[in-house]
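> fold the stuff below for me.
(chains A, B, C, D, E, F, G and H, ligands or ions: 10)
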Amino acid sequence: MAEAAVRAGCTFFAGYPITPQNEVPEYLSWRLPQAGGVFVQAESEVAAINMIFGSSAAGARSMTSSSSPGVSLKQEGISYIAGAELPCVIANVQRGGPGLGNIRASQGDYFQAVKGGGHGDYKLIVLGPAYVQELYDLTMRAFDWADYYRNPVMILSDGILGQIAEPLELTPYTPIVKLPPKDYILTGCAGRTPRVVKTLFLNPADGLVHHNDHLQEKYRRIEHELSLCEEYETADADIIIAAYGMSGRIAKGAVRKARRKGLKVGLIRPITLWPFPKEPFVRAARTASKMLVVEMSCGQFIEDVKLASECAVPVEFFGKGGGWYPMDTDILEIVESMQPCRSAPCATRKD
Amino acid sequence: MAEAAVRAGCTFFAGYPITPQNEVPEYLSWRLPQAGGVFVQAESEVAAINMIFGSSAAGARSMTSSSSPGVSLKQEGISYIAGAELPCVIANVQRGGPGLGNIRASQGDYFQAVKGGGHGDYKLIVLGPAYVQELYDLTMRAFDWADYYRNPVMILSDGILGQIAEPLELTPYTPIVKLPPKDYILTGCAGRTPRVVKTLFLNPADGLVHHNDHLQEKYRRIEHELSLCEEYETADADIIIAAYGMSGRIAKGAVRKARRKGLKVGLIRPITLWPFPKEPFVRAARTASKMLVVEMSCGQFIEDVKLASECAVPVEFFGKGGGWYPMDTDILEIVESMQPCRSAPCATRKD
Amino acid sequence: MDNQATYITIAGSGGQGIVVVGNLIARACVIEGKNASGWVAYGAEMRGGTANATVIVSQEEIACPFVETPDMAIMLNQPSLERFEGNIVEGGMVLLNTSMIQRPVERDDLKQVFLAATEMAHELGNLKVANIVALGAFIDHTQVVKMDSIRQAIGDLFASKNPKMVELNLKALDVGAANYKCEKVKG
Amino acid sequence: MDNQATYITIAGSGGQGIVVVGNLIARACVIEGKNASGWVAYGAEMRGGTANATVIVSQEEIACPFVETPDMAIMLNQPSLERFEGNIVEGGMVLLNTSMIQRPVERDDLKQVFLAATEMAHELGNLKVANIVALGAFIDHTQVVKMDSIRQAIGDLFASKNPKMVELNLKALDVGAANYKCEKVKG
Amino acid sequence: MATFTRPDTLKDQITHYCPGCGHGIAHRIVAEVIDELGIREKTIGTAPVGCAVLMYDYFNVDMIECAHGRAPAVATGIKRVQPDKIVFTYQGDGDLAAIGTAETIHAANRGENITVIFINNAIYGMTGGQMAPTTICGQPTTTTPDGRGAHGEGGPIRVCELLSNLDGTCYLERTAVSTPKDVLATRRAIKKAFENQIAGKGFSMVEVLSMCPTDWKLSTQKSLEFVNNDLKKVFPLGVYKDR
Amino acid sequence: MATFTRPDTLKDQITHYCPGCGHGIAHRIVAEVIDELGIREKTIGTAPVGCAVLMYDYFNVDMIECAHGRAPAVATGIKRVQPDKIVFTYQGDGDLAAIGTAETIHAANRGENITVIFINNAIYGMTGGQMAPTTICGQPTTTTPDGRGAHGEGGPIRVCELLSNLDGTCYLERTAVSTPKDVLATRRAIKKAFENQIAGKGFSMVEVLSMCPTDWKLSTQKSLEFVNNDLKKVFPLGVYKDR
Amino acid sequence: MANITFDTHRCKGCGLCVIFCPCGNIRMSDVLNEHGHPYAELIDQGRCTGCGLCFRMCPDTAIEIDRKKTAK
Amino acid sequence: MANITFDTHRCKGCGLCVIFCPCGNIRMSDVLNEHGHPYAELIDQGRCTGCGLCFRMCPDTAIEIDRKKTAK
Ligand SMILES: Cc1ncc(C[n+]2csc(CCOP(=O)(O)OP(=O)(O)O)c2C)c(N)n1
Ligand SMILES: Cc1ncc(C[n+]2csc(CCOP(=O)(O)OP(=O)(O)O)c2C)c(N)n1
Ligand code: SF4
Ligand code: SF4
Ligand code: SF4
Ligand code: SF4
Ligand code: SF4
Ligand code: SF4
Ligand SMILES: [Mg+2]
Ligand SMILES: [Mg+2]
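Ligands and ions are numbered 1, 2, ... in the order given. As a prediction, this is how the structure comes out:
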């Protein structure tokens, strides 16, 4: 991820140490200066996100990274960055919560990332990689999308992906989209009228409402244009497993095993978590008779699955919080037990 | 709210000034010492929430209050308090966001409050009062529920309710439930083994998973036991308006006007936002042909309405962010235009 | 409009004491046993900008605490008038602080009350009581609540903070009540 | 278990260099063109506690990067053995660091390899290479990857950080490979 | 000295400040210095959250409006990316010395090559007169109705003295805007603080004692007296560091 | 002096600290002082986030484990509610002087009647050896591979000196645990810091220079030398405030 | 003698210039400007020394002084 | 002469006691304890003066010294 960032032209990183993501700043502390960029170890996560606010306003491709408690501290700053429409990449290598919790991998910050842990109506583009290679590739894309949409992008990873060692092809960076000129950045007002980067909208009285309308319009455009999802063996599947990131990857193993046993099981693994890929779920709701949500948390992702599928198929739940992770064999077992079609309406662990 | 807190036995308040909620700390700065309590103006919202962490662990009925950007800064602390199962009351007098935004009333922090703006799987009990008297009464209840469930309670108010002057009956405080003894608080270990208040769970390896199971079980219990909702003219309603807090109150005016015109319109106004009162929505989904969600944000509350009604009725949306508020007359107009039953499936502004 | 309710908008700049006026009317209502709800909207966080308050006096429970189309309006400065003139209900009334409003109302269906509230306050030695001067005229003219209730409300509100202010404000109230001009509806 | 994949668990205490062992095996796989995935779970944030790593060597894309029932296990201390003994697949193998494990394996279906890795490391003058000693034995015995690939991986990993360490680690590898005892399956 | 007019760096805008507020004077001084040094077109300013939040409407330079207290972190981000630009923060006492304590101290300690204008009015102006970290003992505010110190609030923080301990700071001076002489001294100090940045010398801060008649609830005259008689006693004017 | 044994205030638990870590020594000293003053049953301790996060497993007193850097705020909450209890924080340099800067300074400035034990090991121990605010110039860490100061990190913050400017502080001393004599001095200082609290005198802090052989990547012997030769030069031992 | 002008629209009537004019040459208006503030007025253009103290203290850049004209 | 005992289970082998014993009376074991650490051993009980320096420096309270016995 760190190397992908450098290759994508990231020239400013600010962060504060926290396990399990220390490899990122440690790597960048020597790699960025070498590449002509700037690495700052901030005094806190709050300072780090506000340095990003500044560096992004000054035009640099900027990144910060942290883990759950640290990301909570960044929420005010994230709301500011989203409100000011500044591009940046924020990585959350999730660990077990709430509180100090532990440092095991978790997906407990899904709501925070996707619904908005900060104040006000804003959206982050949220990416949920499941493989080291995907993490690398998405990191590069994250910088592009951030610039293209002038919106912060969050990479919602987890402690497992953060610690995994996998072969990786260090593909070179090429931008995927033609990027608009940064005509909003602060460079001193030589030869032009001064620019202001701000989130305060007082005048006229409803300026902020207009600004929110503008943001919502942008978000709808992003929803329209951006959606990544892996579908695996869904075409004829009777049971669809929905899972993202690490749990999606594990679920894929379960699907593979299930198929070897002749079970009609498929997987939908959203890669963009916001915008949430609705279309595969709408399709699945037509063909599958059941869904199983697997997440390393207590029932967050499941809400988006239900909304995307309009509660049209019963959804079962397999998940726990606090650094638990599912085994492919456990998932397989559940899928097997689901085979005899039960008629429970929209049943979830919660009801 | 401030007076209700004092009467409910709040003896510790820590906060940092922010408009529009300054009346609360200003009032408490003289009222609390007078009543034998402690008022601390903290150096920041981060410090304030952590003072609450300490004071609550030391056994005091504790409260902090802020507005949107300040509440974002408290997210880490809130996650800790929820994880350590400490009772406290947190007021968010919401203003327009994102970022600095403005100081007009808003409901843009719904997701943050209800889904969890901090990290990890935790839940706050969230209350959405619509009247000054209700705010007063719920504040007292908030302290009780916090102690009873050992869980932070958030009062999700808004700048309008914060600024409104309405007659108020200062009812005396009586606890509504028999409260369990505080056998977890830190008082020095005289005559007993030392106690620890913590959120770190390392040992055995899956201690945090167990702790999360325990929390989820508690949350299910609260979901089972706690649910407040105002239903107004719903019995025979063809169109149900769903709205909470200030927008719920305004919507009530619209329902009243609609009824005078002979329209079959009703209102569901959840008062507990978490746990979300599902039952009225399930009932409404059976009898009404349409729903209209009204919120002072861009589409947050609507997700819970859809989930509660299992997307069984088409839902229309009327809301904006950034300090906008609906007029009863506007709502009435929309309701009138909804009359000729359209067949759009689960239509929302977003699709 | 609900028949039972009277909607009043008070508007001016941030420092003109809009809140206090709204508060006093609401308190007077409570004294008289009426339902009331007062609400203030600010511009900037604190300084400058415009502010406006809505006071609703009603017999039934008040649902919507503000209104787009008030029955009566107290306009303390020019920008407020620009903003709210079009909103007042047909045949409503408006009070204008002529010290800070250069023109009369353009609509011809409104009852208008004029007074130079800021100048009177200046003469009273404290610019800050212009709001109370205006309130005096407003109450005297409209009688939405009794003048005595307002006097009592002033006593309640200021006594604890600064007893000297009670006297000044009562005086301002009288000055306002005694010195306004009223223009008939043209149409 | 997928037939194409071999699952290896390495476990010990926080400071025993679990990560490095996993990393080296994974690197060796890459050198040999195999799919590999290595993953580490810590106990406490950094100090103390136990740690374990899972390395998967496979021909196809690796979905689940860890496993409850490894085929092979390297156990560097007693608590690790307590925790993982029951999980190893039937007929699997386990390597035990007898310096820190007091008892043999209780199950009788497992192939066992013994060596006093920590003591050998002590003799080599650096307690920290006990992990590499164990790795030497493990690779020599199981041949999951070639010893040469491991040697090359050691070179890659340590050369940049500390060339002196390369030498020490290669020596540790040899010592391990040469000094283990292997017990036949009883059952 | 030719004419006395509004500096180019100030737009022709009426400010939202209260009558007699020190922010207006400080604004003019900063603008004059920017004019004089001819750096307007390469200056990037940061607005705080406080009464000066709208200063981006008044200054004729590129500006960014920061979260409350975080301006030094934001300025760090900007300056590191564009080291050839002149970056300054303008912050109130609540912003700089309460919620922003950590950002202030660590930017100073890193020796960030920025200029900090610190308006100390011993009160939270914008939010209506609550206690600030620099509120002096006994001073009543809306959150210390009995005067600061009565209920364990501690005393005022003297920021220049505090920061003078950090090796990263290059220049620290405390001035005022409560007399014409003080205004001149403030101008000199702010000029120097910008010159230091141009010379790459590191973190410079000028602390300006300033009037807030509104929240002090004092007349213009009494406000001046409060600065001259009370604040200056607690916050002695002068140079605290210059290297 | 009778026997040398583990104090009652320490549980019979093997700690998770590395061999030669200064935390173990500091723990014992704090525990001895609590024993000696007979306050174990009325003491409430706060654990930091840092290597000492698990200290609640080792101390035989009521404890609360705080968010990173926030212990002084948490201690404020506790002490204000239970003023008759003895409340102490135990914090590392990252905890106290980086993320917790504001909480430290403001608790000190309020003169909170608490005792702060500040373990300065010039490094982030728990997270694996990143730069701390007290890392000295030139010292390599995992985030300053070229030594601190090479890329605008500034120099070490001297906390005792910094806090000595605040009126709220009552007692500030810097000691070490790198020689038996230093250990004795630390014990004396910590005892005094607790006695001050008992006497209601306000904020007392003892800064303890401590070894972190693991993240310094030094042997026990070299770690001692690093404290005695390098750290003590940058952080002179002694009393910085006593009133 | 300097050419000094007061901008009655900008002036907020704080009185700082009145307090600091060494010649006591400034007074406040009896009437209010459009913002409701009394404003500063020069008593006697001739008595103004062009010292600039009023300008220096004015928070609202409501004062302009042209000293070149003085030099004439 | 003091009665001094080393707890081989608690000892982490840091060697601080070895470094600071004024009599050079402590050495590290050749074998490791169950945690994998070599541990401190007294060379000669008789030579120990009971000065307590080792105790004072030990981070792991692995040393106990009974001086009452010395007094006997
Ligand atoms: C996170 C956050 N907390 C609090 C506030 C509210 N707030 C706005 S300005 C201010 C204090 C202003 O005081 P100061 O910095 O001294 O500036 P002054 O107005 O006195 O110039 C506060 C607390 C906010 N906007 N954001
Ligand atoms: C909000 C937050 N940020 C970061 C961390 C990660 N973290 C844990 S301990 C630590 C630093 C520890 O260093 P120090 O305070 O010096 O204590 P030491 O381990 O050196 O004793 C950090 C950054 C965290 N747990 N929470
Ligand atoms: S409140 Fe005070 S600081 Fe703010 S504008 Fe008014 S006088 Fe100035
Ligand atoms: S890392 Fe350093 S501070 Fe932490 S336990 Fe080890 S030696 Fe002690
Ligand atoms: S320039 Fe000097 S003399 Fe002239 S009006 Fe101003 S202060 Fe008075
Ligand atoms: S100083 Fe300026 S604003 Fe104040 S009265 Fe004089 S001219 Fe007007
Ligand atoms: S008590 Fe003194 S002499 Fe005896 S072993 Fe310990 S340090 Fe050596
Ligand atoms: S000081 Fe303690 S832990 Fe270290 S070697 Fe000696 S007895 Fe063992
Ligand atoms: Mg201020
Ligand atoms: Mg440290």
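> tell me where chain C has strands.
C:6-13, C:35-42, C:50-58, C:72-75, C:93-97, C:111-115, C:181-183 (DSSP state E).
> point me to the residue of chain G nearest ligand 1.
G:P59 (13.0 Å; CB to the nearest ligand atom). To be clear about C-beta, it is placed using only N, CA and C from the backbone, and glycine gets the same treatment.
> rewinding a little: among the strands of chain C, which is nearest chain D?
strand C:35-42 (46.2 Å; CB to the nearest CB).
> next, the angle from that closest one to strand C:50-58.
170 degrees (axes from the mean of the first three to the mean of the last three CA atoms, to 10 degrees).
> for strand C:35-42, C-alpha coordinates in PDB please.
C-alpha atoms of strand C:35-42 as PDB (Å, rounded to 0.1, in the frame of the first residue of the first chain):
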ATOM      1  CA  ASN C  35     -49.300  28.500  24.800                       C
ATOM      2  CA  ALA C  36     -46.200  30.100  23.400                       C
ATOM      3  CA  SER C  37     -43.100  29.100  21.600                       C
ATOM      4  CA  GLY C  38     -40.300  31.400  20.700                       C
ATOM      5  CA  TRP C  39     -37.400  30.500  18.400                       C
ATOM      6  CA  VAL C  40     -34.400  32.300  17.200                       C
ATOM      7  CA  ALA C  41     -32.300  31.800  14.100                       C
ATOM      8  CA  TYR C  42     -28.800  33.400  13.900                       C
END
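> and the strands in chain G?
G:3-6, G:26-32, G:38-42, G:63-66.
> need those in CSV (columns: mean neighbour count and mean pLDDT).
CSV is the format used below for the strands of chain G (neighbours: other CB atoms under 10 Å in any protein chain shown; pLDDT from 0 to 100):
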stretch, mean neighbour count, mean pLDDT
strand G:3-6, 18, 94
strand G:26-32, 15, 93
strand G:38-42, 20, 96
strand G:63-66, 20, 94
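> chain B is nearest to which of these?
Of those, nearest to chain B by CB to the nearest CB is strand G:26-32, at 28.1 Å.
> is any residue of that closest one near chain E?
No: against chain E, strand G:26-32 shows no contacts by CB under 8 Å from any CB of the partner chain, the least distance being 10.8 Å.
> could you pull out the strands in the stretch 251-351 of chain A for me?
Taking DSSP state E, counting those that start in this stretch, the strands of the stretch 251-351 of chain A run over residues A:265-270, A:272-274, A:290-295, A:315-319.
> E:P83: which of those strands is closest?
Comparison of the strands of the stretch 251-351 of chain A against E:P83 by CB to CB identifies strand A:272-274 as nearest, at 35.7 Å.
> can you give me the end-to-end span of stretch A:115-122?
Stretch A:115-122 has an end-to-end distance of 8 Å (CA to CA, to the nearest Å).
> do it and chain C meet?
No: Stretch A:115-122 does not reach chain C (CB under 8 Å from any CB); its nearest approach is 15.5 Å.
> off-centre distance for that stretch?
Stretch A:115-122 sits 14 Å away from the centroid of its parent chain (CA atoms, centre = their mean, to the nearest Å).
> wait, does it contact chain B?
Yes: Stretch A:115-122 lies within reach of chain B by CB under 8 Å from any CB, at A:K115, A:G116, A:G117, A:G118, A:H119, A:G120, A:D121, A:Y122.
> now that stretch: buried residues?
Across stretch A:115-122, burial judged by 16 or more other CB atoms under 10 Å in any protein chain shown covers A:K115, A:G116, A:G117, A:G118, A:H119, A:G120, A:D121, A:Y122.
> what's the answer for stretch C:175-185, then?
C:V175, C:G176, C:A177, C:N179, C:Y180.
> my guess is the first one contacts C:V133. True?
Yes: contact criterion CB atoms under 8 Å: C:V175 and C:V133 qualify, at 5.6 Å.
> quick check: neighbours shared by these two?
The contact sets of C:V175 and C:V133 overlap at C:M120, C:L124 (CB atoms under 8 Å, 6 or more residues apart in numbering or on different chains).
> what pLDDT does the closest residue to ligand 9 within the stretch 101-250 of chain A get?
In the stretch 101-250 of chain A, the residue that lies nearest ligand 9 is A:L200 (17.7 Å; CB to the ion). Looking at A:L200, its pLDDT is 92.
> and the helices in the chain?
All of this refers to chain A. With DSSP state H as the criterion, chain A has helices at A:2-7, A:23-34, A:45-57, A:68-73, A:75-84, A:110-111, A:132-149, A:159-163, A:207-225, A:245-260, A:279-287, A:301-308, A:328-338.
> can you look at chain G instead?
Counting by DSSP H, the helices of chain G are G:16-20, G:53-57, G:67-71.
> are the longest helix anywhere in chain E and chain G in contact anywhere?
For chain E, the longest helix by residue count, based on DSSP H, is helix E:180-198. Yes: against chain G, helix E:180-198 shows contacts by CB under 8 Å from any CB at E:P180, E:V183, E:L184.
> and those residues, which of them are buried?
E:P180, E:V183.
> bridged to the residue lying closest to A:I164 once chain neighbours are set aside, which residues?
The shortest distance from A:I164 to any non-neighbouring residue, by CB to CB, 6 or more residues apart in numbering or on different chains, is to D:W39 (4.7 Å). Assessed by DSSP bridges, D:W39 has beta-bridge partners D:T54.
> any low-confidence regions in the chain?
Unless you meant another one, I'm taking chain A. A:203-206, A:339-351 (pLDDT under 70).
> if you could check chain C rather than the one you did, that'd help
Using pLDDT under 70, the flagged stretches of chain C are C:1-3, C:42-49, C:184-187.
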